[in-house]
Structure formats: structure tokens, C-alpha cells
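Undergrad: Predicted coordinates and the sequence they were generated for:
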Amino acid sequence: MKDLTKMTNEEIENAFVEMGCSSCMVDDEYGCNVVFTHDTINDFLRAVKNYNEYGEITHNDNSLIIASVQPRRGDQRYDVYVIDFGDIRGVCND
């Protein structure tokens, strides 16, 4: 699915770095791997309302950051980064 971006792994990783996510890697078994999906940014905005808790949401046309996400009570908190690459979105948790 990543091939739909027409971007190199480095370009995708740099896009996440520009958002503040320094540990997101494409195809890296040790890093926080980027996942690709057809879900839209609006889908993520709707889904977060069902989480146990979440912090600040930063949203524009092409990206979304949801701080301190805790999907279920007792789960570890993390930040979610979503970038719209056209036909697909890249998602990384940090």
C-alpha cells in the first residue's frame, strides 16, 4: 500500500519528523513503524471520541496529531500522528 504514496521511505519519515514524531520509521523492525490505511483523517477524528482519554488535537487538511491517547483505561498513553498522502494515510504512534 505504501507504493501509492510515490514517496521514498526517507521522504515519508521526514514528513513525520516535521510533525514532531522522531521515532517513526518505514519498514523498520525496531522503530515505531508507520502503518498505511485507507481510513481518512475524519475517520480518526470520529474514532478518538470513543477512546478512554486523549489530549490536545492538532488538525489541518493534510495531517492530524492526537496527544496522549489512551484507547482503554489502563493502556499506556501515546501520541498518534496521521499524514494524508492522497489515496492513503500514514499513521504512527510515538
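TA: Sure, I can see it.
Undergrad: what about the longest helix in the protein?
TA: If you go by DSSP state H, the chain has its longest helix at helix 9-19.
Undergrad: mean confidence for that helix?
TA: Averaging pLDDT along helix 9-19 yields 92.
Undergrad: Strands along the protein, start to end?
TA: With DSSP state E, the ranges of strands along the chain come out as 24-25, 32-33, 35-37, 57-59, 63-69, 78-84, 89-93.
Undergrad: Tell me which of those strands sits nearest to residue 9.
TA: Closest approach to residue 9 among the strands of the chain is made by strand 24-25 (7.9 Å; CB to CB). In short, each C-beta sits where N, CA and C put it, glycine included.
Undergrad: which residues touch residue 68?
TA: Residue 68 is in contact with 53, 54, 55, 56, 77, 78, 79, counting by CB atoms under 8 Å, 6 or more residues apart in numbering.
Undergrad: wait, isn't the fourth one in contact with residue 64?
TA: No. Between residue 56 and residue 64 there is no contact under CB atoms under 8 Å: 11.4 Å.
Undergrad: Looking at the two, which is more packed in?
TA: residue 64 (23 against 9; other CB atoms under 10 Å).
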